[in-house]
Structure formats: structure tokens, C-alpha cells
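A predicted structure for the sequence below; I have some questions about it.
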Amino acid sequence: MGLRNIRKFFWIIVPVIAIGGMFYPVLGLLMLPMMIALLVMSYFKARYWCANLCPRGSFLDFIIRPFSGFGKAPGFLNSQLFRYGFMILFLALFLYRITTAALEFRGWILLEKIGFVFASICLITTIVATILGFFYSPRTWCTFCPMGTLQTEIHKIKAK
């Protein structure tokens, strides 16, 4: 079974983390190795993760695509100012939430709190991606995804 066939099932990871993580927050920690893998991989192959391994991309391609209106997305979503501004805002919010969870440290509960941060961010961004996918093209989210933007920047380091 090749990567294309396996990729058809990567979408399952999204509801497991986004919905399952609301009931069992530790599931959100599954995002951590994926984020590390995509950041390391991006040094060598820019946005390879996005096109081939991203569970949200698989979700948008295989679950949302049949319901998409394929409308033209607003141009500002693809602008450099919006993409980088959104990435900075997203990362700042993420770091704030992780820091807040860490400051409330009480043993193993920390893993649940951090897992919940990842799971809730996955849920919120999936809702946004789904809404955009219904009204515009399925992968509209991907044009300004903070992780995709970050991958592009990491790959530029290698190019220098």
C-alpha cells in the first residue's frame, strides 16, 4: 500500500485529536511528534508534509472536498502580511496557553492541560478550515496555515 493509499486514512487523526481530545485531553499530545516531524522535514523538503502527510490536509481532501463550494477565496488570505501576521498571532496564543498550563503544574495533570491546549487548538482550527472549505476551495486554510508558513521559513534557512 503506497503513500497515496495510506494518506486516504490520515484524516482519522483529526477527529481523534480534535473531538477525542475534549474528552481525553492527553490525545492532544499526539500533535507534538507530528509538529516536530513537520518542522524537521521542512528543512529538507519545504512543505512536503502539507502535500503528503498532513492529517488536516487529508481531512480537507477526502471529507470536505465533496461538500465544497469551490468559490474563490478572498485574496488577502494568501497575502504575505496576513499569513505572517496570523502565524505570529497563532504562535503567541499557543505559547501563552502552554505557559498558562505549565504554571498550573500539579503532577500528571500538566500532561492533560498541555494535551488539552493542543486538542482545543486542533478543534478550533479544524472548524475554521471546514467552514472555509465549504465556502471556498477545500484547502483554503492551507494558504495561511501557521505550520505551513513556518515550514516555508525553515526551508529558507537551508536555501541560504
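Alright, I've got the coordinates. Residues are numbered from 1 along each chain as shown.

Which parts of this structure are helices?
Ranges of helices within the chain are 3-7, 13-18, 20-23, 31-45, 48-52, 55-59, 80-103, 109-135, 146-159, based on DSSP state H.

Distance from the chain centre to the longest one, please.
Put plainly, it is helix 109-135. Distance of helix 109-135 from the chain centroid (Cα atoms, centre = their mean, to the nearest Å) equals 8 Å.

Average pLDDT for it, rounded please.
Model confidence over helix 109-135, given as mean pLDDT, is 95.

Quick one: list the elements packing against it.
In this structure, helix 109-135 packs against helix 13-18, helix 20-23, helix 31-45, helix 55-59, helix 80-103, with contacts taken as 3 or more Cβ pairs under 8 Å, 6 or more residues apart in numbering; DSSP states H and E. Every residue, glycine included, has its C-beta placed from N, CA and C.

if you compare these, which one is most tucked away?
With neighbours taken as mean count of other Cβ atoms under 10 Å, these reach their highest mean count in helix 55-59, at a mean of 23.

Could you export that one as PDB, CA atoms only?
What follows is helix 55-59, C-alpha atoms only, in PDB (Å, rounded to 0.1, in the frame of the first residue of the first chain):
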ATOM      1  CA  PRO A  55      -3.900  14.800   8.600                       C
ATOM      2  CA  ARG A  56      -5.900  18.100   8.200                       C
ATOM      3  CA  GLY A  57      -5.000  18.200   4.500                       C
ATOM      4  CA  SER A  58      -6.200  14.600   4.200                       C
ATOM      5  CA  PHE A  59      -9.400  15.600   6.100                       C
END
